[in-house]
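Undergrad: task: produce atomic coordinates for the following.
(chains A, B, C and D)
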2 protein chains.
Amino acid sequence: MSIKPIKKVNVSEQVFEQMKGFLTKGEWRPGEKLPSENELAEKFGVSRITIRQALQKLNVLGLLETRLGEGSFVREIEPGDSMNALLPAVLFNRDMLMQVEEFREIVEVESVKLAAERASKEDIAVLRQILERMERCQGNPKKFGAADLEFHMKLGEMTRNDLVVKTEGILQSTLQEAMEDIVRGTGYAPGIHYHGELIEAMEQHDGRRAASIMKEHLSNNKNFIIKEEEIKDGL
Amino acid sequence: MSIKPIKKVNVSEQVFEQMKGFLTKGEWRPGEKLPSENELAEKFGVSRITIRQALQKLNVLGLLETRLGEGSFVREIEPGDSMNALLPAVLFNRDMLMQVEEFREIVEVESVKLAAERASKEDIAVLRQILERMERCQGNPKKFGAADLEFHMKLGEMTRNDLVVKTEGILQSTLQEAMEDIVRGTGYAPGIHYHGELIEAMEQHDGRRAASIMKEHLSNNKNFIIKEEEIKDGL
DNA sequence: GTAACGAGGTTGTAATACAACTAACAGCAA
DNA sequence: TTGCTGTTAGTTGTATTACAACCTCGTTAC
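TA: From the prediction side, this is the model:
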């Protein structure tokens, strides 16, 4: 005798899933205007309230844009835009920050290999510009940290993989504030050193070397956070 | 003369902003139960519809959890929540299955190292269960593919990193359909073989071996997709 | 030609009602 | 007491209807 759990699925959830399907399957294309809420309600056989719930969810997720008096439209999204930086990173504690840095290590160590393989001369020139800005910004932890993240963002773009780019965007917006502390703690020298070496690896299209540099670089950050934590716990 | 843009703010948007303030300022603490929708409607001086819109938005953002018949509760913010922003990029890249697989390779090859280091006996038992289910499901591409993804999901959980878990979840939900085709194309043997080897690597806590197995495993998938695309383009 | 107006369609908000669900309590039986 | 059962009050989910706010576009008046 095996009792299976009863599934109680929201109606609005079902509508949402179907709509998501239309978007993924390309039935509703970017820029296109959706049928009106009344029309959708009739077609789905549910009330307008339910339709609105599903639409709103898609809105929050950034898949749709609803304009008063006009209708709902499928959003065209560029992989780079980190519009949905809605979570206040202030609420992050050290443990969460640790997880973020760990995740960075996972993604960036591997993706920088791709970046090295696919690097163009223009890419490298941009990297060098950012590095120069970092050198000029020594003494200003905020600007230095921002440039540092920008460097990593550019490396992400160089993979030519939209998901990596998007991920880097999320990480960037999450780490923006924490970066200032990290720079204060580790100083400016390591950042400049590692980023310089990364540029060299890009020039040589040496993915393995780039990966090992990146691993060391990010481990430094992680160790700093661990030390911070110990100091805090010690008090 | 400076003309400022006219702000026409939704009522529900205002309610949402206020509620977000309560959450970030700690007026509503994690785990706490919010007043009922009716009560909130009365206090804010708006209709229940409007309250529900604001609540739902907070739900989608992961700040609240609403349970039917019980009420709305403040959720503990998890670092993984920020990865929700990945969803739009994944959804719209439907004909970029290639990019998704490439991204998987980046994330999973590196994260499986962590999984190996942190694997417990219980984890490995679960993996073995899933593998057995895969063996039983040979002949059923749909179920086999689902179990396959579940295996990878479990590996993600074993990293104990919320961002990895969230990312795997998003990837899983988008790959579900494609997986069926991949299984049909590659057959059942490779999946069972590689997953078996991964379990061995987990038992030995051998991260490097796990990573190399995973790389080979995912490369197989990628190669299949490349072939598929060539056939498609050939027509 | 141009500006003002208005019609029709669309989303936003409200009020009300009921269904579906949960938790807690009262009451009964062993 | 202890354990089960039925009831009840409270909560969220959905439906219905209505109207306000807004946009687009064609028509009209000057």
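Undergrad: A:Glu135 in helix, strand or coil?
TA: At A:Glu135 the chain is in helix, as set by DSSP: H, G, I helix; E, B strand; the rest coil.
Undergrad: for chain B, see how far away it is.
TA: According to CB to the nearest CB, to the nearest Å, A:Glu135 and chain B sit 30 Å apart. For glycine as for every other residue, the C-beta is placed from the backbone atoms N, C-alpha and C.
Undergrad: cool, A:Asp123 as well?
TA: Taking CB to the nearest CB, one finds A:Asp123 at 18 Å from chain B.
Undergrad: got it, and A:Gln172?
TA: 11 Å.
Undergrad: my read is that that residue contacts A:Met153, right?
TA: Yes. Under the contact definition of CB atoms under 8 Å, A:Gln172 touches A:Met153, with a separation of 5.5 Å.
Undergrad: domains of chain A?
TA: A:11-74, A:89-234 (automatic domain parsing).
Undergrad: quote the end-to-end distance of the shortest one.
TA: From its first residue to its last, domain A:11-74 covers 22 Å (CA to CA, to the nearest Å).
Undergrad: per-residue confidence averaged over it?
TA: Averaged over domain A:11-74, pLDDT sits at 93.
Undergrad: tell me if that domain is near DNA strand D.
TA: Yes. Remark: domain A:11-74 sits within contact range of DNA strand D at A:11-13, A:46-50, A:53, A:67-70, by CB under 7 Å from any atom of the strand.
Undergrad: now those residues as a markdown table including distance to B:Phe224?
TA: Below are those laid out as a markdown table (distance: CB to CB, whole Å):
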| residue | distance to B:Phe224 |
| --- | --- |
| A:Val11 | 38 |
| A:Ser12 | 37 |
| A:Glu13 | 33 |
| A:Val46 | 40 |
| A:Ser47 | 45 |
| A:Arg48 | 45 |
| A:Ile49 | 45 |
| A:Thr50 | 40 |
| A:Gln53 | 39 |
| A:Arg67 | 42 |
| A:Leu68 | 47 |
| A:Gly69 | 48 |
| A:Glu70 | 44 |
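Undergrad: which of those residues count as buried?
TA: Among the residues of domain A:11-74 next to DNA strand D, those buried by neighbour count (16 or more other CB atoms under 10 Å in any protein chain shown) are A:Val11, A:Ser12, A:Val46, A:Thr50, A:Gln53.
Undergrad: how near is the residue nearest to the spatial centre of chain A to B:Phe224?
TA: Against the mean C-alpha coordinate of chain A, by CA atoms, centre = their mean, the closest residue is A:Ile170 at 2.2 Å. Per CB to CB, to the nearest Å, A:Ile170 is found 29 Å from B:Phe224.
Undergrad: so where do the strands sit in chain A?
TA: A:64-67, A:71-74 (DSSP state E).
Undergrad: now distance to chain B too, for those strands, in CSV please.
TA: Listed next are these as CSV, based on distance: least, CB to the nearest CB, whole Å:
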stretch, distance to chain B
strand A:64-67, 10
strand A:71-74, 9
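Undergrad: show the contacting residues for A:Arg29.
TA: By CB atoms under 8 Å, 6 or more residues apart in numbering or on different chains, the contact list for A:Arg29 reads A:Val74.
Undergrad: what does A:Phe103 give?
TA: Shown in contact with A:Phe103 (CB under 8 Å, 6+ apart): A:Leu171, B:Asn161, B:Leu163, B:Val164.
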